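Trainee: Pasting the sequence and the predicted coordinates here, then a few questions.
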Protein chains: 2
Amino acid sequence: MTLDAVLNRIDEDLPQALERLMDLLRIPSISTDPANKADCARAADWLVDELRALGFEASARPTPGHPMVVGHCGDAATDGPHLLFYGHYDVQPVDPLSLWDRDPFDPEIQDTPKGRVIRARGASDDKGQLMTFLEACRAWKAVHGTLPGRLTIFFEGEEESGSPSLIPFMQENADELRADIALICDTGLFEDTAPAIVTMLRGLLGEELTIRGPVKDLHSGMYGGAAINPIRVLSRILGNMHDDQGRIVIPNFYDGVTELPDAIRQQWQSLAFDHAKFLGDVGLSVPAGEQDRTPLEMIWSRPTAEINGIWGGYTGDGFKTVLPSDAHAKVSFRLVGEQDPFAIRENFRAWVQSQLPADCKVDFHGHGNSPAGVMAIDDPAFESARAALTEEWGRSAAYVGCGGSIPIAGYFKTYLGMDAMLLGFGRDDDQIHSPNEKYDLQCFHKGIRSWARILEKLV
Amino acid sequence: MTLDAVLNRIDEDLPQALERLMDLLRIPSISTDPANKADCARAADWLVDELRALGFEASARPTPGHPMVVGHCGDAATDGPHLLFYGHYDVQPVDPLSLWDRDPFDPEIQDTPKGRVIRARGASDDKGQLMTFLEACRAWKAVHGTLPGRLTIFFEGEEESGSPSLIPFMQENADELRADIALICDTGLFEDTAPAIVTMLRGLLGEELTIRGPVKDLHSGMYGGAAINPIRVLSRILGNMHDDQGRIVIPNFYDGVTELPDAIRQQWQSLAFDHAKFLGDVGLSVPAGEQDRTPLEMIWSRPTAEINGIWGGYTGDGFKTVLPSDAHAKVSFRLVGEQDPFAIRENFRAWVQSQLPADCKVDFHGHGNSPAGVMAIDDPAFESARAALTEEWGRSAAYVGCGGSIPIAGYFKTYLGMDAMLLGFGRDDDQIHSPNEKYDLQCFHKGIRSWARILEKLV
């Protein structure tokens, strides 16, 4: 059993693998801060060296921002699917530094009540995660003598600063980067120990609207009662965007929303999601969405309409009896299934317009849109990966949703025409983007072993 | 006919009266600017000198702010009612100075397409208006040899800066200031040529509310759909504060709202208020209040509920997919008749509370309250003044409402127990508080004549 040999090798090599991760964590590759530009380049070079040492043809590729790292092994003649693995070597800023218990770039293995952790900025997001794959390749090579099948490695250095170079780089290097499927390791486990593959990502549509009434701010004594108040109009319209059952009333809003397949619903039920804790952690107790849906459906498979910001009139200290001439809101929609962001934008705008009193006008400003991502789980690679994760973690791996948007998956689909499989080993308490970020040793270790099992099944 | 003699005297003396007004206008008595403190004292002294020259016992009375001017003539033995006349000698600041066509404190008589005007800061608000009464007294004395009846003159120097000394001064000098009725000259004509006595002032209640949901701001990807959004709750509640007919739905809100007496309604109809112009001037066309009310009723005799400010979530440039932990609004109510501000506050708060979802809390903060002012027009002084104004202007004088709040009338009632009659001769285009303030010569002249006629009937 070569798999057992690979897994044993991983177990034996763990101390050295940790040393290598800590080397990478010592490089303060904060992509958003120009002061760290050389550090980002250094992190890219470090990864190129690692990849080359493993036998990849690898290079750091310049961009107008930070370099991309690309490595290859195998070629068109190699058996099995061509896999692309994506991660990012840049990290979030560390402020406020005073809230860290130690230097964020001086990593340390610490014992905690919940187990041993690697404490450092980037430990979980995403250096620790991307190293799980490289360490799996290393063990594989040690046992097999070769790297696993045909692989392309693609590391970005701008993920935490909006990925400005990503799409141009994908477009310019499409032939080189295109593979059969992308593996993205930047997500987490489900509730600490249940492995999960993200197969549903919600899309996002942002709209800003301004309702205009009188040509100027009015005195509420002189005009109050006779003049229309745009805040009242805005509140009335947006306040009635949901019905009493939590459903969104914009016409045709649910077009393209599909019901969850039974198999997925069963998997989700088996996750035994603790919705009381999920809401309780933020001081809530009652799910606010559609009343015939579970909280997990609400955040993973159902669309939303939310007011993310509202403002108008006098908002300072004290009081001013003003009837303002305009009122504003920022509204966003999380989209699922086949919902069409452009159709929803038009339907939303028409719905607002249809409710305006005669004396009001509305201006809209779009804030970007992306459709939902639904992964093609009929590709056998998904079932293979799910089986591999289930074997490693001893709990049935599930196809899960992700309420937020992870643009990279959509970019792979749009610009390279390939599906993506998102799986990772982070935990909710990893404090990514916050002080005292950590990655559990168990996650790092079992993450490496998970990839070995997945590669065994895929290549 | 001594009245004719007094009126003739006024006509003959008009050039000198204008000179005196311009002397007063040259004093830059801006009460809010500490740099003009001495100017305010100088304006007070100027008025004391004028009053003494006319035969009043008068003095400037120190306060922690600017002086009050108090003058008296007659005593308890004098026949007829004891009248108090109120005006204010302080003026608004003049910024932006660049928008003035000339020095705001270098008054000038100018010819305009609509007639001759006195151009200067304070010409209309309130130096020109208060001088109409003094000039009427002057002409009266020239003809009669004595001042008219028993009079108390009360000039304030802090009206444009919130009257901080007014209530303490009234309380400390209540016996000296109390009269049978107060005459307040700080309002205007109705649509240029119709004289008017304000007999209804709307009250005001201010409330600020904060709706709280999650204990912290949430990410709308992670929680959107499952977590309650306080902006949505706030919008829904406030957006439904009015029904489809424009009526306010807060329970018992209309308790104490009385229907307009037929006589007043007829007077208002005779005013032929141009509501198309009233709304058209601010870019509107459709009255927004209760659909079975005229716009004049809406602003003078009907209560309102208005959202004067609203804010929550992300309100900066761009977009942030935040579910905020709280949302805020400032709401005010204009009150009429016998509406009880305290009862409405309680009813409003209970009404909001009753609509809160289980997971939300609300905090309220009161921003002051005052009941509506309804003048006792059964006092014969009102009918006398109305007849006098009708005779002078050749148009039937009306008892009108005022949508805003004029605190001084309420203070006279509360602290001195006397009713107030508000009448004045300003016009809507006087640009009070704005650059190029003016007072029409016709208003000044006929204003003096109006007071002579009123005094003739009252004393």
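Mentor: Noted; the coordinates are in hand.

Trainee: quick one: A:L7 from B:L271, how far?
Mentor: From A:L7 across to B:L271, the span is 93 Å (CB to CB, to the nearest Å). Glycine gets a C-beta too; all of them are placed from N, C-alpha and C.

Trainee: wait, I meant A:V336
Mentor: From A:V336 over to B:L271 the distance is 59 Å, taken as CB to CB.

Trainee: Compare these two and say which one has the larger neighbour count.
Mentor: A:V336 (27 against 16; other CB atoms under 10 Å in any protein chain shown).

Trainee: residues in contact with that one?
Mentor: Contacts for A:V336 were tallied using CB atoms under 8 Å, 6 or more residues apart in numbering or on different chains; they are A:M200, A:R202, A:G203, A:V257, A:T258, A:S301, A:R302, A:P303, A:A372.

Trainee: Which parts of chain A belong to which domain?
Mentor: Structural domains assigned to chain A are A:2-200+A:373-458, A:203-257+A:303-370, following automatic domain parsing.

Trainee: Using JSON lines, lay out the ones you listed together with mean pLDDT.
Mentor: Output for the domains of chain A, formatted as JSON lines (pLDDT from 0 to 100):
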{"stretch": "domain A:2-200+A:373-458", "mean pLDDT": "95"}
{"stretch": "domain A:203-257+A:303-370", "mean pLDDT": "95"}
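
Trainee: between the ones you listed, which gets nearest to B:Q129?
Mentor: domain A:203-257+A:303-370 (18.6 Å; CB to CB).

Trainee: what about the closest one, start to end distance?
Mentor: 5 Å (CA to CA, to the nearest Å).

Trainee: cool, and stretch A:144-163?
Mentor: Length of stretch A:144-163, first residue to last, CA to CA: 36 Å.

Trainee: touching chain B at all, it?
Mentor: No. Stretch A:144-163 lies apart from chain B when judged by CB under 8 Å from any CB of the partner chain; the minimum separation is 11.5 Å.

Trainee: next one: that stretch to chain centre, how far?
Mentor: Distance of stretch A:144-163 from its chain centroid, counting by CA atoms, centre = their mean, to the nearest Å, is 17 Å.

Trainee: Quick check: buried residues in it?
Mentor: A:147-161, A:163 (16 or more other CB atoms under 10 Å in any protein chain shown).

Trainee: before we move on, what about stretch A:383-402?
Mentor: Within stretch A:383-402, the residues that count as buried by 16+ other CB under 10 Å are A:384-386, A:388-393, A:395, A:397-402.

Trainee: Now, the residues you listed that are in helices?
Mentor: Among the buried residues of stretch A:383-402, the ones falling in helices (DSSP state H) are A:S384, A:A385, A:R386, A:A388, A:L389, A:T390, A:E391, A:E392, A:W393.

Trainee: out of those, who's near chain B?
Mentor: Answer for those near chain B: none qualify (CB under 8 Å from any CB).

Trainee: circling back: out of the contacts of A:V336, who has the most neighbours?
Mentor: Counting by other CB under 10 Å, top hit in the contacts of A:V336: A:R202 with 30 neighbours.

Trainee: could you check the distance from it over to chain B?
Mentor: The gap separating A:R202 from chain B is 7 Å, by CB to the nearest CB, to the nearest Å.

Trainee: That residue reaches A:C402, doesn't it?
Mentor: Yes. Between A:R202 and A:C402 there is a contact under CB atoms under 8 Å: 7.1 Å.

Trainee: shared neighbours of the two, anything?
Mentor: Between them, A:R202 and A:C402 share the contacting residues A:W300, B:G221, judged by CB under 8 Å, 6+ apart.

Trainee: Out of the buried residues of stretch A:144-163, the closest to B:D101 would be?
Mentor: Closest approach to B:D101 among the buried residues of stretch A:144-163 (CB to CB): A:S161, at 54.2 Å.

Trainee: Spell out which residues sit in contact with the closest one, please.
Mentor: A:S31, A:T32, A:G65, A:D90.

Trainee: who's in contact with the first one?
Mentor: With contacts taken as CB under 8 Å, 6+ apart, A:S31 has the following neighbours: A:C40, A:G65, A:H66, A:D90, A:V91, A:G157, A:E158, A:E159, A:E160, A:S161.

Trainee: 10 Å - rerun?
Mentor: For A:S31, the contacting residues are A:37, A:39-40, A:43, A:65-66, A:88-93, A:156-164, by CB atoms under 10 Å, 6 or more residues apart in numbering or on different chains.

Trainee: The last one too?
Mentor: Under the criterion of CB under 10 Å, 6+ apart, the contact list for A:D90 reads A:29-32, A:36, A:39-40, A:43-44, A:65-66, A:122, A:125-127, A:155-161, A:163.

Trainee: Please flag which of these sit within helices.
Mentor: Counting by DSSP H, the part of these found in helices is A:D39, A:C40, A:A43, A:A44, A:K127.

Trainee: Once you drop chain neighbours, what's closest to whatever residue of the stretch 351-459 of chain A ends up closest to chain B?
Mentor: Residue of the stretch 351-459 of chain A nearest chain B, by CB to the nearest CB: A:G404 (2.6 Å). The shortest distance from A:G404 to any non-neighbouring residue, by CB to CB, 6 or more residues apart in numbering or on different chains, is to B:G221 (2.6 Å).

Trainee: Surely that neighbour touches A:L204?
Mentor: Yes. In this structure B:G221 lies within contact range of A:L204 using CB atoms under 10 Å: 7.7 Å.
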